[in-house]
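A.B. asks: I'll drop the sequence and a predicted model, then ask my questions.
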Amino acid sequence: MTLLVVIIVLALVFDYINGFHDAANSIATIVSTKVLTPFQAVLWAAVFNFAAFFIAKYWIGEFKIGNSFAKSINENFITLEVILAALIAAIIWNLLTWWFGIPSSSSHTLLGGFIGAAIAHVGGLKAAGLHVVNYEVVLPIFLFIFGAPIIGMLVALIISLIIINISRKSNPYKADKWFRRLQLVSSALFSLGHGSNDAQKVLGLIAAAYIATGQIESVSDVPSWVPLACFTAIALGTLSGGWKIVKTMGTRITKVTSLEGVAAETAGAFTLFFAEHLAIPVSTTHTITGAIMGVGATKRLSAVRWGVTLNLLWAWILTIPVSALIAGVAYYIIKLF
């Protein structure tokens with residue numbers, strides 16, 4: 001029981017870190033266009049991160065992402081030690097990438113840690129450890145590592161072109177005024193998607209811990225305070241901000257106007273809601289990065305700083321294997337005690 005409590009506390013700590021690590025995803029464009037001040041932006045994002053709880057619970061009626069995440073590993077190989085090692089690895093990688101200002105995926109570091117710890121639990125790759133993975137759930141997640149930013153980029157490109165053509169003869173001053181207002185709506189929609197997608201992964205991990213102890217049989221049976229705590233933790237984390245990553249997301253990939261901010265955030269929100277409909281956990285970081293690239297490409301391809309994007313791509317590729325390795329080492333250390 002003590003280990004279960006430790007896991008729940010660490011899971012909520014990770015959820016909080018996830019919030020401030022990914023805060024830039026929700027606020028980068030709205031801050032860079034000066035629609036809101038940084039503090040106003042994180043407060044706005046945090047409110048809608050938390051509001052996502054009510055949409056998932058009372059409108060959708062289930063936590064699809066949490067259920068998928070809990071099933072990413074065969075339940076026969078899930079132990080409290082595995083979950084603890086996964087959380088330790090995810091926290092370490094998230095803090096490292098936050099410190100260096102790298103917008104890596106909190107979702108994929110948690111998944112990588114979960115897989116790595118489970119493989120270590122059955123004796124490593126030589127012991128056919130890959131059989132612990134539920135490929136029916138995990139393969140779509142892997143595909144969306146590249147699929148989410150591509151969808152975000154294409155949708156942002158289409159929305160940008162539509163808006164540009166519709167408002168081509170508009171008064172520039174009045175148009176900008178309207179786009180700045182619309183950016184409040186698009187930012188809110190993206191924050192709803194962010195909160196719903198990311199908080200549910202932690203919910204799924206906590207549910208897996210309860211299932212491992214035999215207290216519940218499925219994610220739907222998790223105590224009612226757990227999802228509420230998960231959505232609260234990510235909202236508080238977002239409120240704490242993530243200023244190092246804001247610079248990368250808001251200015252280093254491409255310069256963003258209020259029109260482009262509306263297109264990027266709307267495209268990002270669409271991608272997140274689409275992925276949730278399919279019950280596929282995706283990276284909000286990857287999604288908004290792709291969307292920002294999409295709006296940048298409407299001006300000219302050279303407007304996107306592809307060198308920065310390439311560096312981000314390396315971080316995305318390394319996140320799962322590095323997190324898995326850290327989790328494997330953490331698991332063996334935990335077993336010593």
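C.D. replies: All right, it came through fine. From a predicted model like this one, the values you see are computed outputs, not experimental measurements.
A.B. asks: dump the residue contacts of residue 330.
C.D. replies: Residue 330 sits next to 84-85, 88-89, 117 when contact means CB atoms under 8 Å, 6 or more residues apart in numbering. In short, each C-beta sits where N, CA and C put it, glycine included.
A.B. asks: make that residue 52, sorry
C.D. replies: With contacts defined as CB under 8 Å, 6+ apart, the neighbours of residue 52 are 191-196, 199, 231.
A.B. asks: what's the farthest-apart pair in these?
C.D. replies: 193 and 231 (13.0 Å; CB to CB).
A.B. asks: re the thing from before, which among the contacts of residue 52 gets closest to residue 285?
C.D. replies: After measuring those against residue 285 - CB to CB - the closest member comes out as residue 194, at 9.6 Å.
A.B. asks: quick check: mean pLDDT across whichever helix in the chain runs longest?
C.D. replies: With DSSP state H applied, the helix covering the greatest number of residues in the chain is identified as helix 172-212. With pLDDT averaged residue by residue, helix 172-212 scores 90.
A.B. asks: Quick one: end-to-end distance for stretch 121-136.
C.D. replies: For stretch 121-136, the first and last residues are 21 Å from each other (CA to CA, to the nearest Å).
A.B. asks: ok, back up a step: show me the one in the contacts of residue 52 that has more neighbours than the rest.
C.D. replies: Each of the contacts of residue 52 was scored by neighbours using other CB atoms under 10 Å; the highest score is residue 191's, at 33 neighbours.
A.B. asks: could you point out which element follows the lowest-mean-pLDDT helix or strand in the chain?
C.D. replies: Across the helices and strands of the chain, mean confidence by mean pLDDT, DSSP states H and E is lowest for helix 243-247: a mean of 51. For helix 243-247, the following helix or strand on the C-terminal side (DSSP states H and E) is helix 258-277.
A.B. asks: who does that next one touch, helix- and strand-wise?
C.D. replies: The criterion is 3 or more CB pairs under 8 Å, 6 or more residues apart in numbering; DSSP states H and E, and the helices and strands that helix 258-277 contacts are helix 23-32, helix 64-70, helix 135-166, helix 172-212, helix 284-297.
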